[in-house]
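Colleague: With the sequence up front, the predicted model follows.
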Amino acid sequence: MSEQLQSVIKDRLKSFICIFGISFLVTLFFNSSGFIHFWNRAIYDLCIKNRVSGTEKRNPFIATIDLNDTGINVLGEQLDTRRAFADIIEVLEDSNVSVAALDFLFRTEKRSDTDFTSTVERMGYTVIAALAVEKKMMSPPYAALSKTDQDLLRRHVWNINVIEKGKIPQAGTFLLPFPALTEAAAQIAHINMEPDSDGIYRKTPLLYEWNGGFIPSLGLAAAVLHLGIDIETIELKAGEYLALPLYDNEIIRIPIDEQGRMFIPYKQTWKDDKQRLSFHTIVEAKNNDDLFSSVFNDLNGRTAIIAEISTDQKDYGPTAFEQLYPLSGVHAEVLSGILDGLENRSFIGTASLLFKLISLLLILLAAFFLVNIKKELVYHFGFLFILILYSGVTVYRWQNNAILPWFAFPVIFLSFLWITSFVNRLLKSYRDKLLMRNALSRYFPHALAERILKERKTDLTPSYKELTILFSDIAGFTKWSSDKSPETVHQFLNEYLESMAEIIFSHGGTIDKFMGDGILAFYGDPFDMPNHTEQALRSAIAMQKKVRELAEKWKPIVGIDLRIRIGINIGKVIVGNLGSKTRIEYTVIGAAVNLAQRMESNAPIGGILVTTEVHEKVKDKFTFSEKRSIEAKGYGEPIEAYVVSA
């Protein structure tokens, strides 16, 4: 690898590291400020709204039974004595309900609890609600469980295979059903759930740790009973999954966070739930054969979630799609998700660490490639394409696998890579234009330099074309300057060269270089000039006129007899940026250049000497005083030349 290429790569890496650093720090600031978290929630809510408005529905093997205001009015005392609960469990048993999960806290005993407890025990597959109180919340009025309650609860504790316990919440105590019901139930399950800081219910805890084991949530417990899963085979890896092995060697993996919470797999709104049944209708079916037949068809083989949704009940909360959503519906959605657990979109997952790292790496690689692209359109469309592509992948993963978009962080990071690199491009472009304008102004008049920049003709690639070449030189300058101070010579030369450059520029000429007191200029590049030979002669005449003015000024001051010789030739030359990797000049080379210099060295002092080719081009526009034959180094034959009347 060449030294120049290594230098270019090093500079690009430095620039990109700076761009990356700024973009990453700004993204981290947005992350720490909570903006990314807010955006992620907004995206989650949008995804859930899209999901519940689609065609997906809750698992058909679930029935939700609601005790509403009408049921409370109809049943009255039967609810107070719990006769209605005994009757509904009996109807559910007769209707071949696989599991009955009751979202009620039966804390104290009532008159008909003997019948209620016996029907619960006889049915077998019943889940009764309890409320967990975390250890960190233990204070009056919450008291530790009595030894009797502990012994009763221990039978309901899940001893599962723990790979990683994570930060599963620890329960200090439980608000349990009355002892007889706790003993009769197939499973005691917690009904705890907390909204996010903005009040929206997005996640629900599946487990609470207690005495070395775990108490499941109502929906999870109902699902395990419905599927007949052996509790000891359940596997917990907090931060990743809760695995429920099925009898046919298939495994349902529920994605969970470190606290054992899962995203609630909402599929439909409350008002769209056609599987909701009224509590009092089922109770009345006990003594009504026709009604029982209808209830039997609605409940046969299903798992029932029974809850109160009366207006006096405060068991409601806002979701992404409904402001008032009965939280018993969360248990139903958890149950539904598990029963559909072998489907791609059953659970709502999150992007893995590997996916995040690969995404960021690919974004960085693409950005590194794009920031070094010179074409602005390709650069901007490239970043836009990455954004659209990542958005498409995100939407695909959500639509097909229910993977929640990891969108805010990478998109903000990509956006700031785009913005930062664009600002860097603007600054670099501005700096390069300043440098180029300063450089071009040495060779071209201001208007021409601006045109070169505007038309982006700054590469000045070498080409072979016909130009008119002009050389000028001060007669006797070396002898005059030999005994003068540097300040005097510098002051004089500055005014002289500036005056000559102004004349050359005003006639569309390009200054190749200043050679001490000598000037090399050419006409006809970088832009084509049809009359470049005529312009060269006009500028030469103007130069001689200006020199005579300067001579009058400077002779009394520094004693110089200022006179110049000018030589002009026309011919094919190579013109463009030429040089080495460390120094490049915009110049002309070729035999025509050398001959122009011979014309200058043979020109009369204070005169202009041109070649025959120049004479033929402009003889009708200028007056020539004499014709000469000169001996030029490198030419075997004498060369005809003409002196211009100036």
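Modeller: Right, received. Where do you want to start?

Colleague: Show me what counts as buried in stretch 590-610.
Modeller: Using 16 or more other C-beta atoms under 10 Å as the test for burial, stretch 590-610 gives 590, 592-600, 602-603, 606-610. Placement of C-beta: from N, CA and C, glycine included.

Colleague: Could you work out the end-to-end span of that stretch for me?
Modeller: Across stretch 590-610, the straight-line distance between its terminal residues is 17 Å, by C-alpha to C-alpha, to the nearest Å.

Colleague: now that stretch: how far from the chain's centre is it?
Modeller: Taking C-alpha atoms, centre = their mean, to the nearest Å, one finds the center of stretch 590-610 at 64 Å from the center of the full chain.

Colleague: Give me the secondary structure label for residue 56.
Modeller: The three-state label for residue 56, taken from DSSP: H, G, I helix; E, B strand; the rest coil, comes out as coil.

Colleague: So which of the buried residues of stretch 590-610 sit within strands?
Modeller: Assignment to strands by DSSP state E places the following of the buried residues of stretch 590-610 there: 608, 609, 610.

Colleague: in the sheet, who's paired with the last one?
Modeller: In this structure, residue 610 bridges to residue 568, residue 642 when assessed by DSSP bridges.

Colleague: Might one say that it is in contact with residue 645?
Modeller: No - here residue 610 lies out of contact with residue 645, judged by C-beta atoms under 8 Å, at a distance of 11.6 Å.

Colleague: Now do the contacts for the closest residue to residue 67 other than its chain neighbours.
Modeller: For residue 67, ignoring the flanking residues on the chain, the nearest one in space by C-beta to C-beta, 6 or more residues apart in numbering is residue 279 at 3.9 Å. Residue 279 sits next to 65, 66, 67, 68, 71, 75, 84, 88, 306 when contact means C-beta atoms under 8 Å, 6 or more residues apart in numbering.

Colleague: Would you reformat the residues you listed as TSV and include pLDDT and distance to residue 343?
Modeller: Below are the contacts of residue 279 laid out as TSV (pLDDT from 0 to 100; distance: C-beta to C-beta, whole Å):
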residue	pLDDT	distance to residue 343
65	93	25
66	92	27
67	93	31
68	90	32
71	92	34
75	92	38
84	94	36
88	95	31
306	95	26
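
Colleague: Let me know the closest of those residues to residue 410.
Modeller: Using C-beta to C-beta, the shortest approach to residue 410 within the contacts of residue 279 belongs to residue 66, at 42.9 Å.

Colleague: Excluding residues flanking it in the chain, which one is nearest that closest one?
Modeller: In space, and not counting its chain neighbours, residue 66 is closest to residue 309: 4.7 Å by C-beta to C-beta, 6+ apart.

Colleague: what does residue 350 give?
Modeller: Once flanking residues are discounted, residue 350 sits nearest to residue 404: 5.3 Å by C-beta to C-beta, 6+ apart.

Colleague: can you check residue 473 too?
Modeller: Using C-beta to C-beta, 6+ apart, the closest residue to residue 473 is residue 518 (4.5 Å).

Colleague: Kindly report the same for residue 275.
Modeller: Residue 275 sits nearest to residue 63 (C-beta to C-beta, 6+ apart), 5.5 Å away.

Colleague: Residue 634 too?
Modeller: residue 594 (6.9 Å).

Colleague: swap in residue 306?
Modeller: That would be residue 65: by C-beta to C-beta, 6+ apart, it lies 4.4 Å from residue 306.

Colleague: That neighbour: helix or strand, and which one exactly?
Modeller: Using DSSP states H and E, residue 65 sits within strand 62-67.

Colleague: Please export the C-alpha coordinates of that strand as PDB.
Modeller: Listed in PDB are the C-alpha atoms of strand 62-67, where the atom choice follows Å, rounded to 0.1, in the frame of the first residue of the first chain:
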ATOM      1  CA  ILE A  62     -61.000 -19.200  26.200                       C
ATOM      2  CA  ALA A  63     -64.200 -17.900  27.600                       C
ATOM      3  CA  THR A  64     -64.300 -14.700  29.700                       C
ATOM      4  CA  ILE A  65     -67.200 -14.600  32.200                       C
ATOM      5  CA  ASP A  66     -68.100 -11.100  33.500                       C
ATOM      6  CA  LEU A  67     -69.900 -10.200  36.600                       C
END
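
Colleague: Give the other helices and strands that that strand contacts.
Modeller: Contacts of strand 62-67 with other secondary structure elements, assessed using 3 or more C-beta pairs under 8 Å, 6 or more residues apart in numbering; DSSP states H and E, are made with strand 276-278, helix 279-284, strand 303-308, helix 328-339.

Colleague: other SSEs contacting the shortest one?
Modeller: Read it as strand 276-278. strand 62-67, helix 289-299.

Colleague: Pipe those into CSV and attach mean neighbour count per row.
Modeller: What follows is the helices and strands packed on strand 276-278, written out as CSV (neighbours: other C-beta atoms under 10 Å):
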stretch, mean neighbour count
strand 62-67, 25
helix 289-299, 14
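
Colleague: Any idea which of these gets closest to residue 569?
Modeller: If you check each of the helices and strands packed on strand 276-278 against residue 569 by C-beta to C-beta, strand 62-67 wins as the nearest, at 98.3 Å.

Colleague: What distance do you get for the residue nearest to residue 275 to residue 276?
Modeller: Using C-beta to C-beta, to the nearest Å, one obtains 8 Å as the distance from residue 63 to residue 276.

Colleague: try residue 298
Modeller: As judged by C-beta to C-beta, residue 298 and residue 276 stand 10 Å apart.

Colleague: repeat for residue 255
Modeller: As judged by C-beta to C-beta, residue 255 and residue 276 stand 28 Å apart.
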